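Visitor: quick one: sequence plus predicted model below, questions after.
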Amino acid sequence: MKKIEAIIRKNKLQDVMSALVKHGINAMTVIEVQGRGSEPRPTIAYRGATAEQPLVPHIKIEIIVDEGKADSVLDVIFQNAHTGASGDGRILVTNLESVVRIRTGEVSDATTDVDEVPGARGRAQQVASQRTPVTPLGAPNWAGPRTFAGTDEAAMSYWLNH
């Protein structure tokens, strides 16, 4: 699996998001960031005074995709974020070793593409079964319910069993 991080102009967010959704990529994280690249610092004017803006606001989009889709997602982002002017941003691609779903504790072996390789689902489950299971509410990482004034026994038993 690959993690694609695209740092783009703020005004290109809707174009990139709608193109990704049309391409079948619905899951993404969007973050407002500030930074500075190699372009010259922009100046801002406020009440007649001009000053250099040390950091430029941008948007960061994070997407996790299978290796087979990574090139097409890169093309979609580039085609919709490119203006040709300084400050268009960057696209970063990172290999992922594994992914843990916090809700269930399920560990996905990111090196195996389960959908494309015959028998890979069984191998992925074997690899996951060899790992120490991550249970979100297991004894090592959960100290138990906190006691608050007004809690009753039914609420306590619910939290112990869920």
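Guide: Received the coordinates, thanks. Numbers count the residues shown, from 1 in each chain.

Visitor: any idea how far residue 2 lies from residue 13?
Guide: 21 Å (Cβ to Cβ, to the nearest Å). Placement of C-beta: from N, CA and C, glycine included.

Visitor: report the buried residues of stretch 56-63.
Guide: Residues 56, 58-61, 63 are the ones in stretch 56-63 that count as buried (16 or more other Cβ atoms under 10 Å).

Visitor: and which of those is nearest residue 6?
Guide: Distances from residue 6 to the buried residues of stretch 56-63, taken as Cβ to Cβ, are shortest for residue 61 (4.7 Å).

Visitor: with adjacent residues omitted, what lies nearest to residue 87?
Guide: Nearest in space to residue 87, with sequence neighbours left out and distances taken as Cβ to Cβ, 6 or more residues apart in numbering, is residue 39 at 4.9 Å.

Visitor: in a strand, that's where the one you found is, yeah?
Guide: No. Counting by DSSP: H, G, I helix; E, B strand; the rest coil, residue 39 is not part of a strand but coil.

Visitor: wait, what's in contact with it?
Guide: 56, 86-87 (Cβ atoms under 8 Å, 6 or more residues apart in numbering).

Visitor: give me that answer again for 10 Å
Guide: Residues near residue 39 by Cβ atoms under 10 Å, 6 or more residues apart in numbering: 56, 85-88.

Visitor: following the strand or helix carrying residue 58, which helix or strand shows up next?
Guide: Per DSSP states H and E, residue 58 falls inside strand 56-65. Tracing the chain past strand 56-65, the next element assigned as helix or strand by DSSP H and E is helix 67-81.

Visitor: report the rounded mean pLDDT for that following helix.
Guide: Helix 67-81 comes out with an average pLDDT of 93.

Visitor: show me what it is packed against.
Guide: strand 2-8, helix 13-22, strand 56-65, strand 90-95 (3 or more Cβ pairs under 10 Å, 6 or more residues apart in numbering; DSSP states H and E).

Visitor: ends of stretch 80-95, how far apart?
Guide: Stretch 80-95 has its terminal residues 23 Å apart, counting by Cα to Cα, to the nearest Å.

Visitor: one step back: CA atoms of the strand holding residue 58 as CSV?
Guide: Output of strand 56-65 as CSV, limited to C-alpha atoms (Å, rounded to 0.1, in the frame of the first residue of the first chain):
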residue,chain,number,x,y,z
VAL,A,56,2.1,30.4,3.0
PRO,A,57,-1.2,28.7,3.7
HIS,A,58,-1.8,25.4,1.7
ILE,A,59,-3.9,22.3,2.0
LYS,A,60,-2.5,18.8,2.6
ILE,A,61,-4.5,15.8,1.3
GLU,A,62,-3.5,12.4,2.6
ILE,A,63,-4.7,9.2,0.8
ILE,A,64,-3.9,5.6,1.3
VAL,A,65,-4.3,3.4,-1.8
